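>>> sequence below, structure please.
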Amino acid sequence: MLATRLRFEAVHQPVLHLFPVRPARILDVGSGPGHDAASLAERGHAVTPVEPTPELRDGAMALYPDLPIEWVDDSLPTLERLTESHPRPFDFILVEGVWAHLTITERAEALPVLARLLSSDGALAISLRHGPAAPGRITYPVTASETSAIAEAAGLTTLVNVSTGSIQAANIARGVTWTRMAFGHR
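Below is the predicted model of the structure:
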């Protein structure tokens, strides 16, 4: 996972138009190996990646030691450490490849937390994975309609809802597809 770096533009194509152009505060929740965080920091953004798995977080820090990135050990649904240490809202929040790892109850708890962390004119991008879990991983079924309903209840409106195929050969072979969604405050 640390060695596989997908092209940022290819992964996030359906929501690229929502990423801030000028330097902004960006939260990368479930940052994994830190590739998205690094791409965003290289573009001049102040990036706070959140990753609960020590091996991934430590590996990411070793991969990108020279970038001004503030790594945080935390996780959804509550993001307790982050909310205590970062009272200012973020201009963009990225939740990539994480949502299907949360139960419906955890997702319902997490979306209001993310909405509170989002600036009034910011965007929240969430990817929904559909299909079998990767070996050794647990995923739960997730739908765009469920995610939109939870977002609506949290005071957000749907900005993007696009179904896409996977760009990774192993996922394509397994029949994995994605829904790319984005939300903003009403």
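>>> residue 160 against residue 184, yeah?
No - taking C-beta atoms under 8 Å as the contact criterion, residue 160 and residue 184 are not neighbours in contact, 9.7 Å apart. Every residue, glycine included, has its C-beta placed from N, CA and C.
>>> what's near enough to touch residue 126?
95, 98, 99, 147, 181, 182, 183 (C-beta atoms under 8 Å, 6 or more residues apart in numbering).
>>> hey, what's it bridged with?
Beta-bridge pairing for residue 126 (DSSP bridges): residue 95, residue 181.
>>> helix, strand or coil for residue 59?
Three states are possible here, and by DSSP: H, G, I helix; E, B strand; the rest coil the one that applies to residue 59 is helix.
>>> show me what the strand or helix carrying residue 55 is packed up against.
Using DSSP states H and E, residue 55 falls within helix 54-63. Counting contacts by 3 or more C-beta pairs under 8 Å, 6 or more residues apart in numbering; DSSP states H and E, the secondary-structure elements packed against helix 54-63 are helix 35-42.
>>> return the helix or strand in this structure with minimum mean pLDDT.
helix 169-174 (a mean of 68; mean pLDDT, DSSP states H and E).
>>> list the contacts for the residue most central in space within the chain?
Computing the C-alpha centroid of the chain and ranking residues by C-alpha atoms, centre = their mean puts residue 95 first, at 1.3 Å. Neighbour list for residue 95: 29, 30, 76, 114, 124, 125, 126, 127 [criterion: C-beta under 8 Å, 6+ apart].
>>> looking at these, spot the one nearest residue 39.
Of all these, residue 39 sits closest to residue 125, with 13.6 Å by C-beta to C-beta.
>>> from residue 96, how far off is that closest one?
Applying C-beta to C-beta, to the nearest Å, the value for residue 125 to residue 96 is 8 Å.
>>> between the two, what contacts are shared?
Contact criterion C-beta under 8 Å, 6+ apart; residues shared by residue 125 and residue 96: residue 12.
>>> what's in contact with the longest helix along the chain?
The helix spanning the most residues in the chain, taking DSSP state H as the definition, is helix 104-117. With contact meaning C-beta under 8 Å, 6+ apart, helix 104-117 is reached by 27, 29, 76-79, 82-83, 86, 89-90, 93, 95, 99, 102, 124, 140, 142, 146-147, 150-151, 153-156, 183, 185.
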